[in-house]
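Undergrad: My questions concern the predicted model and sequence given below.
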Amino acid sequence: MLDIRFVRENPDVVKENIKKKFQEHKLPLVDEAIEIDEKRREVQGKADAIRNERNKKSKEIGGLMAQGKKDEAEAIKAEVAARGEELKALEEQEVTLAEELKKRMMVIPNIIDDSVPIGRDDSENVEVERYGEPVVPDFEIPYHTEIMEKHNGIDLDAAREVAGNGFYYLMGDIARLHSAVIAYARDFMIDRGFTYCVPPFMIRSNVVTGVMSFEEMDAMMYKIEGEDLYLIGTSEHSMIGKFINKLIPEEELPKTLTSYSPCFRKEKGAHGIEERGVYRIHQFEKQEMIVVCKPEESPMWFDKLWQNTVDLFRSLDIPVRTLECCSGDLADLKVKSVDVEAWLPRQKKYFEVGSCSNLSDAQARRLGIRVKGKDGKYFAHTLNNTVVAPPRMLIAFLENNLNEDLSVNIPEKLQPYMGGMTKIG
């Protein structure tokens, strides 16, 4: 969420940013927010004047009572009481106008970084760099669920009976591989100085609206019926929420956390033939990383975060590339985002396995995450990035480590987490 003062002083900048994100339908919100804010400040001024007058009159009343001038004191009391109704009406207006202002400010997008390429959707994202040499073997690679089934590692039919489409049973060595990847990713991030965290898997609505846009919330989150709780779609939400309404001493920054959690997503929309199996599902597990830092340090942390994901995949000998997300592909709170994509030999293309985002002070402003510095208080910057998200990551892992006999090689780094196994099958 932007600072209303910034919007008031830079309406043309805010409108141009909206155009860059191809959200022209939001342009009227800028003028509406400024107009509502003007009314709000006017009402607040009138209310403050009455409050100040009331404080002065209260002192007068005390003085008159001390002098025994009870009748004069009672007359001023009546005058104060008469203005009380006016103040109550103004305070109600203040609340209404503040809510109307917030409603608009919550959907005006954050100002994107100057380096972000301008484009309408993810088809216009820009490749930045490739890491590792993509290889296509000289034998046919089956679909990932067929590889898993070959090793008795997945049961989609039983899961469909138990929970419906979008769920799965992972079994045996494939299930063990899934857990091994998560455990390896956990230790990988701890070795890089991050604090390990297992967060709540449900969060309240004020945290949900603090960490994401309404569009994302509607498309992703499952609501717990009858309670003010949502199942998390990613653990970054509850990790950032850990700092809600906190005033953090500057010397304690940065806060760097890495977390494990299950994740739950509606995954609305059409699912193509290549998104069957465990590609697009309602439940999965994930290792995540977040940073809360000083504003001037967020660009540096942004580069560190996506590099962590690249390094992890390369340590398992999986080729990856980075993509700079274009303006139209950025969620409203993000100022800059880079996707990490892994190589799929079967389809001879890359696909997304992680997304790194810098949200500047947008989440912190919504959640009240402030920093106490030498020169006063200010809002922190927050960033997040996927370390690894199996089972989607398993698709890339299986295809890049598959042998012609459908056995699967276990890279050296992962072998200790697989009980010393060098191969599945």
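TA: Right, received. Where do you want to start? Not measured: the values here are computed from a predicted model.
Undergrad: Going by C-alpha atoms from here, please, whenever you check contacts or count neighbours.
TA: Will do.
Undergrad: Who are the packing partners of the lowest-mean-pLDDT helix or strand in the chain?
TA: None of the helices or strands of the chain scores lower by mean pLDDT, DSSP states H and E than helix 214-220, at a mean of 76. For helix 214-220, there is no helix or strand it packs on, judged by 3 or more C-alpha pairs under 8 Å, 6 or more residues apart in numbering; DSSP states H and E.
Undergrad: Need the contact partners of that helix.
TA: Residues from elsewhere that reach helix 214-220, judged by C-alpha atoms under 8 Å, 6 or more residues apart in numbering: V107, V208, T209, G233, F264, R265, K266, E267, K268, A331.
Undergrad: could the residues you listed go into TSV alongside pLDDT?
TA: Formatted as TSV, the entries for the contacts of helix 214-220 read as follows, by pLDDT from 0 to 100:
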residue	pLDDT
V107	93
V208	93
T209	90
G233	91
F264	93
R265	90
K266	88
E267	76
K268	61
A331	92
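Undergrad: Out of the residues you listed, which is nearest to P299?
TA: Of all these, A331 has the smallest distance to P299: 18.0 Å, by C-alpha to C-alpha.
Undergrad: Could you give the number of residues near the nearest residue to that closest one once chain neighbours are set aside?
TA: Distances taken as C-alpha to C-alpha, 6 or more residues apart in numbering place S213 nearest to A331, at 7.3 Å, with adjacent residues excluded. Residues near S213, counting by other C-alpha atoms under 10 Å, number 20.
Undergrad: from what I can see S213 touches L333, true?
TA: Yes - if you go by C-alpha atoms under 8 Å, S213 and L333 touch, sitting 6.9 Å apart.
Undergrad: Now intersect the contacts of helix 214-220 with the strands, please.
TA: F264 (DSSP state E).
Undergrad: and the contacts of helix 214-220, which are buried?
TA: Using 16 or more other C-alpha atoms under 10 Å as the burial test, the contacts of helix 214-220 include V107, V208, T209, G233, F264, R265, K266, A331 as buried.
Undergrad: thought L229 was touching R204?
TA: Yes - with contacts counted by C-alpha under 8 Å, L229 reaches R204, the gap being 4.6 Å.
Undergrad: then stretch 370-384 to CSV, C-alphas only?
TA: Extracted C-alpha coordinates of stretch 370-384, given in CSV (Å, rounded to 0.1, in the frame of the first residue of the first chain):
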residue,chain,number,x,y,z
ARG,A,370,8.1,-0.4,11.6
VAL,A,371,11.8,0.1,12.4
LYS,A,372,13.1,2.3,15.2
GLY,A,373,16.2,4.0,13.8
LYS,A,374,18.6,6.8,15.0
ASP,A,375,16.6,9.4,13.2
GLY,A,376,13.1,8.2,13.9
LYS,A,377,10.7,5.4,12.9
TYR,A,378,10.1,4.1,9.4
PHE,A,379,8.5,1.2,7.6
ALA,A,380,10.7,-1.9,6.9
HIS,A,381,11.1,-3.5,3.5
THR,A,382,10.0,-7.1,3.0
LEU,A,383,11.1,-9.7,0.5
ASN,A,384,10.3,-13.4,-0.1
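Undergrad: and that stretch, which residues are buried?
TA: Applying 16+ other C-alpha under 10 Å to stretch 370-384 flags R370, V371, K372, Y378, F379, A380, H381, T382, L383, N384 as buried.
Undergrad: I'd like those residues as TSV, with secondary structure appended.
TA: Putting these into TSV (DSSP: H, G, I helix; E, B strand; the rest coil) gives the following:
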residue	secondary structure
R370	strand
V371	strand
K372	strand
Y378	strand
F379	strand
A380	coil
H381	strand
T382	strand
L383	strand
N384	strand
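Undergrad: picking up where we left off before, heading C-terminal from the least confident helix or strand of the chain, find the next helix or strand.
TA: Proceeding N to C from helix 214-220, the next assigned helix or strand is strand 222-223, under DSSP states H and E.
Undergrad: got a list of contacts for that following strand?
TA: Contacts for strand 222-223 (C-alpha under 8 Å, 6+ apart): L229, Y230, L231, I232, F264, R265, K266.
Undergrad: roughly how far apart are the third one and N125?
TA: From L231 over to N125 the distance is 30 Å, taken as C-alpha to C-alpha, to the nearest Å.
Undergrad: still on that earlier bit, centre of the chain to the least confident helix or strand of the chain, how far?
TA: Distance of helix 214-220 from the chain centroid (C-alpha atoms, centre = their mean, to the nearest Å) equals 11 Å.
Undergrad: CA atoms only for it - export them in PDB, please.
TA: Taking C-alpha atoms only, helix 214-220 is exported to PDB below (Å, rounded to 0.1, in the frame of the first residue of the first chain):
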ATOM      1  CA  PHE A 214      -7.500  -9.000  -2.900                       C
ATOM      2  CA  GLU A 215      -7.200 -10.600  -6.400                       C
ATOM      3  CA  GLU A 216      -4.500 -13.000  -5.100                       C
ATOM      4  CA  MET A 217      -6.600 -13.700  -1.900                       C
ATOM      5  CA  ASP A 218      -9.700 -14.700  -3.900                       C
ATOM      6  CA  ALA A 219      -7.700 -16.900  -6.300                       C
ATOM      7  CA  MET A 220      -5.700 -18.700  -3.700                       C
END
